[in-house]
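>>> pasting the structure only:
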């Protein structure tokens, strides 16, 4: 048996379009092979093809010099598209393979080319896209032109007028003398115009729009504008109407409009345009009906009515801008203009450095979109909700239009800038700073959404030149730039620094809200921070330095000139033209005005040659405080044969305009007028009602009233809350409402000269204004340096002062309620009078009632000249060395006798155990001594003792511990010692049960008035958390124990080891450390003193492997310091450095 197999092989057929019959792709008679192409066939366009029905093919090629115009149909291409000729797409081309555009390609408004493969727009080629080009594969337009601009389709501007004195095209109904088809022309471009008669005359015309435009064009409801130009032969109150209707094919009216009125008046000398535009009307317009009506208002026989010229219809269809969708790798966008570019890939994409009109980022939520370089978006920028995130990298992204963030904007480089010059809204999104980049906001801010500041980096800058609202979120660094007011929308927190630019009128207004600031405050220009409003508060909850150019207060000054106006221009006024024709001018009077300016060559004037009752006016905004105001001016409104123009002078009270004067009779010469303006009026206007006169003039306007001047004052805060590491003042500050101490020290400038009193020498101090409250001060939070307090009452004043470790308040109670400024400072150092002989015996000069005074401290108390005397009270606590309160004396340094004296009338009657100032006796650990009489001589004050008791043995400056390499250094400093034998170092696991681990002898002889620094090394510390405390023991066996401190050493909480040598050092130390990881771009070191104040700081590079750095400490005073590395990936152990 023999089997025979017959195989069939199918070959692709080449189809060439002939278009022999019509535009039907599926008509075989339109192809050279008399068949319909399938997805297996290649098609060629070799001439001109206009396709009106959809179809398929494998590959489609448009030959050179050929053209393909695809209507509102779809063609599927299984292979590739190559355009070597001209391609125009109204429908859809779906290309499964690649697309190569070598010739000009146009995608109309509703058209789309979708390419599943790669797309190339060849060098020199042009892609004009008003629809969608969807590139799913790679895209390359190197050397090409991509135009995504909207293009308007403009129909001919059809002018329907008489030609050569005829009324061709118009249906005419004559009245009186009928219509004249000659006379003056508006443009001179036509040979004829129409002039009406003394009775109603009518012109009408039906315009067949469908004969001029395609149905598809008209179905898109293009804008249609009617226009004509009219004027009267004489100024005689002529009448004019124009009725225009748009109709569908059945004659139904789709839209209509009427122009003119029964009191229409035009100038004999000037043409006036009458126009109306139809937009957004129902689809289906096919014709327009025009009806013109005219009548001579004065019944002159003959053609003396309205002259009409250049009657026209303009038909315009507004195009839409195109969209270029890019889903994969983009090589080049060639020369790009207009439209929207949408990077919509499913994964990561690089956003080309280019200039975009609109830029959109979308996708499927997977993969980052990263800027290749600097990007400029001239219009809008959108990060869609389905995009994973947009990364700026190290580039500058500038958006001049609106920015809409719906997913994540990541500013991920220290040099990155996102500059939003238009509106910005990320209210439902996340802004993520991973490095110290910058977000610039130049306009309205809809919201910053989730501002991710977990990396403690990044700066947000509000730099608009318009008023802006600062979003109520938490910032790292916040900067206010450019001349406008930025107002808080709610409470904000700034983890880093807050800066306002050194530019006039660059203002951050806290309004009624709270600012939490952890970093430095820099106010660059006077008045740049408004923190004075009632209820607003500034909470310093970190370590802050305040540099402030000052605040401003408004002072009311009576009888000020608010305006002197001779109307060279209207720069101080706002013009309103309600009539639609005449308007106010600031110049030499023109038109038919018969007057000149009252003074100079210019004035404000308005004149119209016909009777329209137009209501036009000019407005001046009255400035604050809007009290005790008056206005004077000159005016004129001459009569024209009995007709006059009216003038009103009016003010606005917030709800209505109210007349100050109404001039409804003629004033042939310039006339003076003046009026009082009620308090609270917000605007003044001159209002005209034109009635066929010779115009109205206003000149030499003078407005007087109360005015404001800005007075320079100290930087002013309504409320300050201290709740961080502390504040350093580089400028004076005033507190008007309250200051609350919770945690942290304010470092105010000292008001003393060395160890002597020096009244009012300092400037960078804190002043608590009269009526402001102070609360919460303690050893943890107070002022180091001078404090000023203002008072005009008899209320007790507590001055929140100390030395950074100990709270040493002073209490002053004024004796009379007069305005007084008191300045108080605690000096943690021996007064210049403290002296010892060669044997170490105290030889400080004291009167007979004082055995000795505190050797290591004193209080400087001053008052303003002529101020109130005050009762003086000083507290002591457990660290003050008091053992017999009954013998404590309030002492005062008498500069005249050069000795310490007991305050007259003072005693222990006013001491209280808890130190609150009530009646009772103090204890060794708590009390206050207060003068029984008001003091008038203000200079150094001190605690003294009437016997050798109350040795006030040492004044402890600092006590802290430091763990390094499982060894604890116990560091402490004292500023004075009296009768001191030795120090004990004690240790505990729970701060209850203590053991002695070390002893250090005191200064030789037991007495000293200079600072001494001590170090004890515990080589075998307790693991993890432990406590240390210091006890001082006198030669007589009396002891004093100070507050404990905690430390963590050993265990799992230690950091990476570090070597520092030489240590102690005089000029430089070398730091060496071995690291397993690169520590980051923003690492910096600090060297702090015993109080925690940073004295040296700089950025440092810590790389993986061995690191070696040299630090210059030569300018530091001798002492003990702590070296720390900050913002590191791994914790690095803190290290003690001793400077000698």
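Ah, there it is. Since this is a predicted model, take the numbers as computed values, not measurements.

>>> what's the local residue count around the closest residue to residue 695 other than its chain neighbours?
Closest residue to residue 695 apart from its sequence neighbours, by CB to CB, 6 or more residues apart in numbering: residue 607 at 2.9 Å. Glycine gets a C-beta too; all of them are placed from N, C-alpha and C. Residues lying near residue 607 (other CB atoms under 10 Å) number 24.

>>> next one: residue 541
21.

>>> ok, which stretches of the chain are helices?
215-219 (DSSP state H).

>>> domain-wise, how is it divided?
14-151, 156-317, 557-708, 748-945, 954-1052, 1055-1139 (automatic domain parsing).

>>> lowest average confidence across those, which one?
Lowest mean pLDDT of these: domain 156-317, a mean of 67.

>>> for residue 723, which of the domains of the chain is the nearest?
Of all the domains of the chain, it is domain 748-945 that lies closest to residue 723, at 7.8 Å by CB to CB.

>>> quick revisit: residues contacting the residue nearest to residue 695?
Neighbouring residues of residue 607 by CB atoms under 8 Å, 6 or more residues apart in numbering: 582, 589, 590, 591, 592, 593, 645, 690, 693, 694, 695, 696.

>>> how far away is the fourth one from residue 669?
Pointing back at residue 591 there. 19 Å (CB to CB, to the nearest Å).

>>> which one of these two has more residues nearby?
Neighbours were counted for residue 591 and for residue 669 using other CB under 10 Å; residue 591 has more, 17 against 9.

>>> and that one, its phi and psi?
Main-chain dihedrals, residue 591, degrees, to the nearest 10: phi 60, psi -130.

>>> just give the nearest non-adjacent residue to it, would you?
residue 607 (4.1 Å).

>>> now do the one you found against residue 672, distance only.
Counting by CB to CB - residue 607 and residue 672 are separated by 22 Å.

>>> swap in residue 1017?
Distance from residue 1017 to residue 672, by CB to CB: 94 Å.

>>> show me where the stretch 1001-1140 of the chain has its strands.
For the stretch 1001-1140 of the chain, applying DSSP state E, counting those that start in this stretch gives strands covering 1012-1018, 1024-1034, 1039-1041, 1045-1049, 1059-1061, 1068-1075, 1084-1088, 1094-1099, 1105-1112, 1119-1126, 1135-1139.

>>> related to what we said a few turns ago, save the domains of the chain as a markdown table, and put in distance to residue 418 too.
Formatted as a markdown table, those follow (distance: least, CB to CB, whole Å):
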| stretch | distance to residue 418 |
| --- | --- |
| domain 14-151 | 24 |
| domain 156-317 | 37 |
| domain 557-708 | 37 |
| domain 748-945 | 37 |
| domain 954-1052 | 41 |
| domain 1055-1139 | 19 |
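
>>> and of these, who's closest to residue 548?
domain 748-945 (9.7 Å).

>>> can you give me the offset of that closest one from its chain's centre?
46 Å (CA atoms, centre = their mean, to the nearest Å).

>>> what of stretch 361-377?
With CA atoms, centre = their mean, you get 25 Å for stretch 361-377.

>>> buried sites along it?
Going by neighbour count (16 or more other CB atoms under 10 Å), the buried part of stretch 361-377 is 361, 362, 363, 368, 369, 370, 371, 375, 377.
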